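Undergrad: My questions are about this predicted structure, shown below with the sequence.
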Amino acid sequence: MRRIGMIFAALLALFGLLLLADPITPLQVGLAQGDVTVTATPMQSYAGKVRAPEFPAGLDWLNVPQPLSMTELRGKVVLLDFWTYGCINCIHVIPDLKRLEAEFPDELVVIGVHSAKFANEGETENIRYIVKRYGVEHPVVNDRNFAIWQVYGVRAWPTFMLIDPQGKVLGYYSGEGVYEAMQPAIAGMIAEFEAKGMIDRTPLRLTPELDRRAPSLLSFPSKVLADSRGGRLFIADTSHNRVIVADLATYAIQAVIGSGTAALRDGSFTEAAFNWVHGIALGADGETLYVADTGNHAVRAVDLRAGTVRTLAGTGAQNRDWGNRLRGGAGRETALNSPWDVFYREGVLYIAMAGPHQLWALDLASGQVAPFVGSGREGVVDGALLESELAQPSGIVGVGDVLYFADAESSAIRKVDLAAGRVETIVGTGLFDFGDVDGVGDAVRLQHALGLTIGGDGKLYVADTYNHKIKVIDPITRESRTLFGGGAGLRDGSAPQFWEPGGISYADGRLYVADTNNDAIRVVDLAAGSVSTVIFPNPERLAMPAAAASETPPDDFFGTVVRLAPLTAAAGSSRIMLNIQLPEGYKQNDQAPFTLRFYNNTAIARVAAADNNLSIVTPPMPVQMPITLSEGEALITLDAAIFYCEAVNETLCFPAFVRFELPLRVAAEGAPEVAISYLLVPPQLD
């Protein structure tokens, strides 16, 4: 025991002793430092002399059934992650946090303290969707007024506070590489307190937001590419880890590229694997598709004729060589850092490399890749290519000798004059200058714009992501105006709504928009001044591999629970026949899928994995699900989600989430089918 204590003390000594910092407000941080996202700083220690403050009351919590307190977390090692969801450094540490959670599943509790930089990031519902998009399953608290941030004296995103099982602050660390920094301290702390009998391994009850997400045809699509010449629409189906190819006229699915498994694997369309794909670009031959494989820190090439995928650049590991951000090399041997978008021009693939705040260039003939714009410092500084400063470039397009890119963290649209070798800013003035202001030049304000495209008129059409808008910017006059959008939502027509659109592409008088949080592709008809949503005529081709039915339904269901009368059904191969009846004057929404999931797989009632998790747009009723029945008794559960609208005016649409609980008896003789009928009642509106 004494030796364990000595090891732990040595770890603390390595971190050094630091007095508790005075709290500092977000505004002071911005003025004092200019850039509050950091790459890495050494671990600093409070040596367990400061008690961790309680969480303030009244904050919104995600992934847990009720707010947590430091008191109830006694006996656990607690790691507070101060983050904001648009910050690339904060995204980079998520795999490290998952690794720590897997290594210390019962001893460690990670809590994400979301302290928003952008106004849009402070909305709980937007954080809820980000938690789902990023696959974050640990507790998250919305620190919208920086109350927790200030009491801990945090100065940068991301910052981590390590708290011991007695509720005292051990130390903090800012930047990436959190696994290497924290793992020895956490392991040592667990050993020290285990010897004292002070570790509580009772599992923390979680209610992950990800489990509440109904299956969808697309999952947080981030980028889109309209190919007028080839008549194709390419979609980065980001959270499904694949690329979709559809007919540009009919939207019929032509191909699905990628198995859906998050991995780095070359091969055929069905064998290949991506991880969190974003930008896509088409080569001069029209048959080579280039993909920014962001989660793999790689760039991939898709041979559309041969139906194969291969890796062009990146090793699969993130480049953390902060000391030398200007070094490149052979593509397959050079680590990249979050390539977010790509653009092809004359044998060169230009890469918006969000992680190091640079643009890189991949020479497709030689296979060499290297930075060519940006010093690696985060900022908004124009000038010579490698002396300029960028801020998380996330979208890139070009025409002639000019590249345009969206600099997300500075809410700026900028350009690279390749002939002159210089960077210029069109709109955007600083890392903390954001908003929603139309106008000219320095008066313009965007909010974390992620995508842009060039229209037939030579103007830039911008996905102003956090403002939920599509804007048009004249690159010559620097005038910006809102084209469509206003408030987060999903609405078509002449007054449409978007929800954090991340990608945009122009072809033949139309804009194609990756409407990320709506899991949809939207089409803007510029001549008609209206917006519609893409409906795939063969949605079955987008079905993801079905998971086996769960033995127990999740206990955090938030819809209507309907307990049905007991039913006796005949043993053997049968069907569940679910008939959802709509009241007069209503119809199914033809833009959102009806979903149905079966639970309680037992020897009595069993649904095959391939038949579970149904997702169908406007299915004919009743919906059918094959089931195998054996003699005995069981309680079966089905969760259904249906979206329906007024049939005539179509001004109001409603979601309905219904859980059916059916006591089922299976005998030699009984009903030939498991028939369930239910009449939906629209909510009463004030």
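TA: It's in.
Undergrad: Check the gap between residue 53 and residue 168 for me.
TA: Look at residue 53 and residue 168: by Cβ to Cβ, to the nearest Å, they are 11 Å apart. (C-beta placed from N, C-alpha, C; glycine too.)
Undergrad: where does residue 540 land in three-state SS?
TA: helix (DSSP: H, G, I helix; E, B strand; the rest coil).
Undergrad: That one: neighbour count?
TA: If you count neighbours by other Cβ atoms under 10 Å, residue 540 ends up with 10.
Undergrad: low-confidence ranges in the stretch 201-350 of the chain?
TA: Scanning the stretch 201-350 of the chain for pLDDT under 70 picks out 322-325.
Undergrad: For it, which segments are assigned as strands?
TA: Applying DSSP state E, counting those that start in this stretch to the stretch 201-350 of the chain gives strands spanning 223-227, 232-237, 242-247, 253-257, 267-268, 277-282, 288-293, 298-303, 308-313, 329-330, 339-345, 348-353.
Undergrad: right, so of those strands, which gets closest to residue 519?
TA: Among these, the nearest to residue 519 by Cβ to Cβ is strand 232-237 (9.3 Å).
Undergrad: which outside residues touch that closest one?
TA: By Cβ atoms under 8 Å, 6 or more residues apart in numbering, the residues outside strand 232-237 that reach it are 218-219, 221-227, 243-248, 251, 254, 277-280, 282, 289, 291, 503, 512, 514, 521, 534.
Undergrad: Next, the angle strand 253-257 makes with it.
TA: Put simply, strand 232-237 runs at 40 degrees to strand 253-257, going by axes from the mean of the first three to the mean of the last three Cα atoms, to 10 degrees.
Undergrad: For strand 232-237, which strands pair with it and how are they oriented?
TA: Here strand 232-237 is paired, per DSSP bridges, with strand 223-227 (antiparallel), strand 242-247 (antiparallel).
Undergrad: Quick check: which element contains residue 512?
TA: Under the criterion DSSP states H and E, the helix or strand holding residue 512 is strand 510-515.
Undergrad: what about the closest residue to residue 494 other than its chain neighbours, distance to residue 484?
TA: Nearest residue to residue 494 in three dimensions, chain neighbours excluded: residue 530, at 5.1 Å (Cβ to Cβ, 6 or more residues apart in numbering). Computed with Cβ to Cβ, the distance linking residue 530 and residue 484 is 9 Å.
Undergrad: These two: who's more crowded?
TA: Using other Cβ under 10 Å, the more surrounded residue of residue 530 and residue 484 is residue 484, with 23 against 15.
Undergrad: Can you verify my assumption that the more buried one contacts residue 523?
TA: No: applying Cβ atoms under 8 Å as the test, residue 484 and residue 523 come out as separate, 11.4 Å apart.
Undergrad: joint contacts of these two?
TA: Shared contacts of residue 484 and residue 523, defined by Cβ under 8 Å, 6+ apart, comprise residue 531.
Undergrad: on that earlier part again, residues in contact with whichever helix or strand comes after the strand holding residue 512?
TA: For strand 510-515, the following helix or strand on the C-terminal side (DSSP H and E) is strand 520-525. Strand 520-525 is contacted from outside by 218, 221, 224, 233, 235, 470, 483-484, 490, 492, 496, 498, 501, 509-515, 530-534, 591, using Cβ under 8 Å, 6+ apart.
Undergrad: Enumerate the positions of strand 520-525 that are buried.
TA: By neighbour count on 16 or more other Cβ atoms under 10 Å, the buried set for strand 520-525 is 520, 521, 522, 523, 524.
Undergrad: ditto for stretch 374-384
TA: Buried residues in stretch 374-384, counted by 16+ other Cβ under 10 Å: 374, 375, 376, 377, 378, 379, 380.
Undergrad: and the residue nearest in space to the middle of the chain, what does it touch?
TA: With distances taken as Cα atoms, centre = their mean, residue 133 lies nearest the centre of the chain, 2.9 Å away. Counting by Cβ under 8 Å, 6+ apart, residue 133 touches 220, 238, 239, 516.
Undergrad: circling back to that earlier point, give me the buried entries from the contacts of strand 520-525.
TA: Neighbour counting by 16+ other Cβ under 10 Å classes 218, 221, 224, 233, 235, 470, 483-484, 490, 496, 498, 501, 510-515, 531-534, 591 among the contacts of strand 520-525 as buried.
Undergrad: Could you identify the buried members of the contacts of strand 232-237?
TA: Neighbour-count burial (16+ other Cβ under 10 Å) is assigned, among the contacts of strand 232-237, to 218-219, 221-227, 243-246, 248, 251, 254, 277-280, 282, 289, 291, 503, 512, 514, 521, 534.
Undergrad: Let me know whether residue 138 touches residue 63 as I believe.
TA: Yes: when contacts are counted by Cβ under 8 Å, residue 138 is listed as touching residue 63 (6.3 Å).
Undergrad: what do those two both touch?
TA: With Cβ under 8 Å, 6+ apart, residue 138 and residue 63 have common neighbours residue 206.
Undergrad: what comes into contact with stretch 428-442?
TA: Stretch 428-442 is contacted from outside by 30, 34-35, 117-119, 378-380, 391, 407, 409-414, 427, 443-448, 464, 466-467, 469, 471, 477-482, using Cβ under 8 Å, 6+ apart.
Undergrad: Dump it to CSV, restricted to CA.
TA: The C-alpha trace of stretch 428-442 is given here as CSV (Å, rounded to 0.1, in the frame of the first residue of the first chain):
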residue,chain,number,x,y,z
GLY,A,428,-15.3,37.9,-41.4
THR,A,429,-13.1,39.9,-39.0
GLY,A,430,-12.1,37.8,-36.0
LEU,A,431,-12.4,34.6,-33.9
PHE,A,432,-15.1,36.1,-31.7
ASP,A,433,-16.8,38.3,-34.3
PHE,A,434,-20.0,36.3,-35.3
GLY,A,435,-23.7,36.8,-35.6
ASP,A,436,-26.3,37.1,-38.3
VAL,A,437,-25.9,40.4,-40.1
ASP,A,438,-26.3,41.0,-43.9
GLY,A,439,-24.4,43.9,-45.4
VAL,A,440,-21.1,44.7,-47.1
GLY,A,441,-17.5,43.8,-46.1
ASP,A,442,-16.5,44.1,-42.5
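Undergrad: This completes my enquiry, with thanks.
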